[in-house]
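In: pasting the sequence and the predicted model now:
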Amino acid sequence: MNKKTGKLFEQVKEQVISIILEQGLKPHDLIPSEGELAAKFGVSRMTGKLALQALQDEGLVYRMPRRGTFLADVDRSQLEQAAGSTVGAYNQEELAAGRQIALIVPGMDDYIGRLVVSIDRAAHRQGIAIVLRIAGTEEEEMAAVKAFAARRDIMGILLFPVDRKICGDHLLRLKLQRYPVVILDRQFNEVDFDSVSHDHYQGSYDMTAHLLSLGHREIGFIAGQLHQVRSREERYQGYLDALLAGKVDIQQERILIREETGILYEGDLERVKLIGDFLKRASGLTALVCCDDYLAMSAMNAALRLGYRVPEDLSVTGFSDHSMLEYAPVPMTTVAQPLDDFGAEALKLLLHRRQEPEAKAQSIRLQTNLVLRDSVSSPH
């Protein structure tokens, strides 16, 4: 995490205080356990434990063996003061002048972590503080958006939405009020917001075209739910259009669309088995275009379990260049999403929206690039 928001357990501590304030918990009410905090914010149990210990050290909570953690006998002003102290080491004049931007994300993984760092660095260059909130459900997102929009010290919201293609009433209301909101890595179907995202279509098209250039014709595609996220639809369309441009027939049996919900994690045995069954049915495949690196890791594991050699028998590709790829059995070819300019472009859009509230919404698409490693070769 970045220097301004402090250590990870301190960020979780801030989130716990936010939960207490937003839910209106009273003294002696039960606080989420370290295990619940770990699951909610995607951190380790130790991080959750350290966050609760820090709150106990400040006298805000007390812990009872085998019963849990409870809110101490403190009033709301003490909690608000504690929440304010965790914003970071920013100049108080900047805070008083409202030089803060809210950043709401659905969780914290390698990609989102790098995105947060990019935004924080861009904001720091302009003397702007970032207030981070993790909202893993649409309900939590709605509560966070409403809370930040009501604060006079917040000059706008950068939002990485929970997976969906419909904006929701809470965002539509802000749109009508001309409140500055920039959508990160997503786009909504029915309402245009200022947004920054990567060119998912072109990344998938380029990867499929690269496989075609090596001589592959039997190229499969694996993705999660398409109807939830527009970026997945764009990656799927890039795959289809590259096949059509290469004069390769599109065959449905070579396509696997997973209808699971939730975040995809590597090592999911059920997913590995499902992909293994797909590979058995779609015999003759020489290459796979996977919609993300999690699926690519599972596809590689499934192929190796079936006795495939990667890449001699099956080339496998991913999307995002996640840091977990360093653990791939064979170094993974993937589509990288560079984030060097992401934060600067997001800040530029938000500041422009503040100055020109009536301006037409802008959508900035950042380029992707292929990262070629050992998991791809010409078909044998």
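Out: Sure, I can see it.
In: from here on, just use CA atoms for contacts and neighbour counts.
Out: Noted.
In: which residues touch the residue positioned nearest the centre of the chain?
Out: With distances taken as Cα atoms, centre = their mean, the chain has residue 112 as the residue nearest its mean C-alpha position (4.7 Å). For residue 112, the contacting residues are residue 105, by Cα atoms under 8 Å, 6 or more residues apart in numbering.
In: and the pLDDT at it?
Out: We have a pLDDT of 92 for residue 112.
In: just the buried positions in the helix or strand it falls within, please.
Out: Here residue 112 sits within helix 110-125, counting by DSSP states H and E. Using 16 or more other Cα atoms under 10 Å as the test for burial, helix 110-125 gives 112, 114, 115, 116, 117, 118, 119, 120, 121, 122, 123.
In: pretty sure the third one sits against residue 342.
Out: Looking back up the chat, that one is residue 115. Yes: contact status for residue 115 versus residue 342: in contact at 7.2 Å, counting by Cα atoms under 8 Å.
In: from the chain's centroid, how far away is the helix holding residue 112?
Out: 12 Å (Cα atoms, centre = their mean, to the nearest Å).
In: and for stretch 321-338?
Out: On Cα atoms, centre = their mean, the centre of stretch 321-338 falls 17 Å from the chain's centre.
In: run through who's touching that stretch.
Out: Residues from elsewhere that reach stretch 321-338 (Cα under 8 Å, 6+ apart): 110-111, 198, 203-204, 207, 293, 297, 300-301, 310, 316-320, 367-376.
In: let's see that with 6 Å instead.
Out: For stretch 321-338, the surrounding residues in contact (Cα atoms under 6 Å, 6 or more residues apart in numbering) are 317, 318, 319, 320, 368, 369, 370, 371, 372, 373, 374, 375.
In: stretch 119-131 too?
Out: By Cα under 6 Å, 6+ apart, the surrounding residues in contact with stretch 119-131 are 99, 100, 101, 102, 103, 343, 344.
In: how about the residues you listed in CSV, adding pLDDT, secondary structure and distance to residue 155?
Out: Rendered in CSV, the data for the contacts of stretch 119-131 read as follows (pLDDT from 0 to 100; DSSP: H, G, I helix; E, B strand; the rest coil; distance: Cα to Cα, whole Å):
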residue, pLDDT, secondary structure, distance to residue 155
99, 80, coil, 7
100, 92, strand, 6
101, 95, strand, 6
102, 96, strand, 8
103, 97, strand, 11
343, 96, helix, 16
344, 95, helix, 16
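In: what's the neighbour count on residue 189?
Out: One way to gauge burial is a neighbour count; for residue 189, by other Cα atoms under 10 Å, it gives 11.
In: need the helices for the stretch 51-200 of the chain, in chain order.
Out: Secondary structure of the stretch 51-200 of the chain, counting by DSSP state H, counting those that start in this stretch: helices at 76-85, 92-96, 110-125, 138-149, 169-176, 200-213.
In: worst mean pLDDT among these?
Out: Lowest mean pLDDT of these: helix 92-96, a mean of 42.
In: for residue 32, give its distance to residue 19.
Out: Residue 32 is 9 Å from residue 19, where distance means Cα to Cα, to the nearest Å.
In: same check on residue 364?
Out: Distance of residue 364 to residue 19, given as Cα to Cα: 34 Å.
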